[in-house]
Every structure is written in structure tokens, then in C-alpha cells.
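**Student:** just the structure for this:
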Amino acid sequence: MFNSSEELVLLKKIDVQYQPRRAPRVIEVNWHPPLYMCIKLNTEGAWKSSSNKVGYGEVFCDSSGKVMDAFCSNLDIPNYVAAEVMAVIKAIELEWSNITCTEFLR
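**Tutor:** The predicted model follows:
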């Protein structure tokens, strides 16, 4: 049910039964930059079940919070877990060629 508040008031006045949607739960999340000389990777994946389409992306930030690199794309993948995993795999593939092993293992 996607009624406006005016429509819901009208429905209530004429005694029509309706069930308004619940408000989404809001969770406060605080982002903190990584330690000095470290890189932080944030990834996200999303899946649309009706079409098996996945969108994913990642952002790399340095210790000052500056964005060093970012990437997003889409794929045909079967579920949201695969979307999240693919976001991490693609992030590693994207950055592996840009850093040395010693930097990666730090």
C-alpha cells in the first residue's frame, strides 16, 4: 500500500480498513578511518531476486579518510551472499596489481 498521508486520512474517515507500512528501522553507523599507513576497504553487494542481477562496489580509503580508489559494476549471480563475496573478490583483484605483497600483508 503506497498511499499518501492525505489518502490515509480519507480512508480512515470513511472507515476503510488499511494497514500502513511500518517505518524502516534506522541504525546509526559510524565510519572510522584506518590506522596510519593502512588502507580501509568498504564493500557492498546487492541482489535483485526477480532478475538475478547483482550490483556491487568498493571504496578504498587512506588513514586521512581520502578516497584512493572506488569501483562498481553488475553481474548475473544467483543470490545476495554471492554478491557480497564477489564485491570482496573484485576488490582484491582490482588492487592486487597496484600493491606489493609486503604492503598487502601489513
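
**Student:** wait, what's in contact with the most centrally placed residue in the chain?
**Tutor:** The residue lying closest to the centre of the chain (C-alpha atoms, centre = their mean) is residue 44, at 3.7 Å. By C-beta atoms under 8 Å, 6 or more residues apart in numbering, the residues touching residue 44 are 56, 57, 58, 84, 87. Just so you know, the C-beta spots here come from the backbone N, C-alpha and C atoms, and that holds for glycine as well.

**Student:** helix, strand or coil for it?
**Tutor:** State at residue 44, reduced to three classes by DSSP: H, G, I helix; E, B strand; the rest coil: strand.

**Student:** that one and residue 91, how far apart?
**Tutor:** Relative to residue 91, residue 44 is positioned 11 Å away (C-beta to C-beta, to the nearest Å).

**Student:** now do residue 74
**Tutor:** Separation of residue 74 from residue 91 (C-beta to C-beta) stands at 15 Å.

**Student:** settle it for me: which of these two has more neighbours?
**Tutor:** Taking other C-beta atoms under 10 Å, residue 74 and residue 91 do not tie; residue 91 has more neighbours (20 against 13).

**Student:** wouldn't the more buried one be in contact with residue 43 here?
**Tutor:** Yes. Counting by C-beta atoms under 8 Å, residue 91 touches residue 43, with 5.7 Å between them.

**Student:** and for those two, which residues touch both?
**Tutor:** residue 58.

**Student:** now stretch 25-41, how far from the centre of its chain.
**Tutor:** 14 Å (C-alpha atoms, centre = their mean, to the nearest Å).

**Student:** tabulate the CA atom coordinates of it in PDB.
**Tutor:** Extracted in PDB, the C-alpha atoms of stretch 25-41 (Å, rounded to 0.1, in the frame of the first residue of the first chain):
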ATOM      1  CA  ARG A  25      14.400   0.600  11.200                       C
ATOM      2  CA  VAL A  26      17.200   3.100  11.300                       C
ATOM      3  CA  ILE A  27      20.600   2.100  12.600                       C
ATOM      4  CA  GLU A  28      23.300   4.600  13.200                       C
ATOM      5  CA  VAL A  29      26.600   3.600  11.800                       C
ATOM      6  CA  ASN A  30      29.900   5.500  12.300                       C
ATOM      7  CA  TRP A  31      32.800   5.200   9.900                       C
ATOM      8  CA  HIS A  32      36.300   5.500  11.200                       C
ATOM      9  CA  PRO A  33      39.400   5.900   9.000                       C
ATOM     10  CA  PRO A  34      42.100   3.100   9.200                       C
ATOM     11  CA  LEU A  35      45.300   3.400  11.200                       C
ATOM     12  CA  TYR A  36      48.100   5.500   9.800                       C
ATOM     13  CA  MET A  37      49.700   3.900   6.700                       C
ATOM     14  CA  CYS A  38      46.900   1.400   6.400                       C
ATOM     15  CA  ILE A  39      44.100   1.200   3.800                       C
ATOM     16  CA  LYS A  40      40.500   0.600   4.600                       C
ATOM     17  CA  LEU A  41      38.200  -1.300   2.100                       C
END
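
**Student:** thank you, goodbye.
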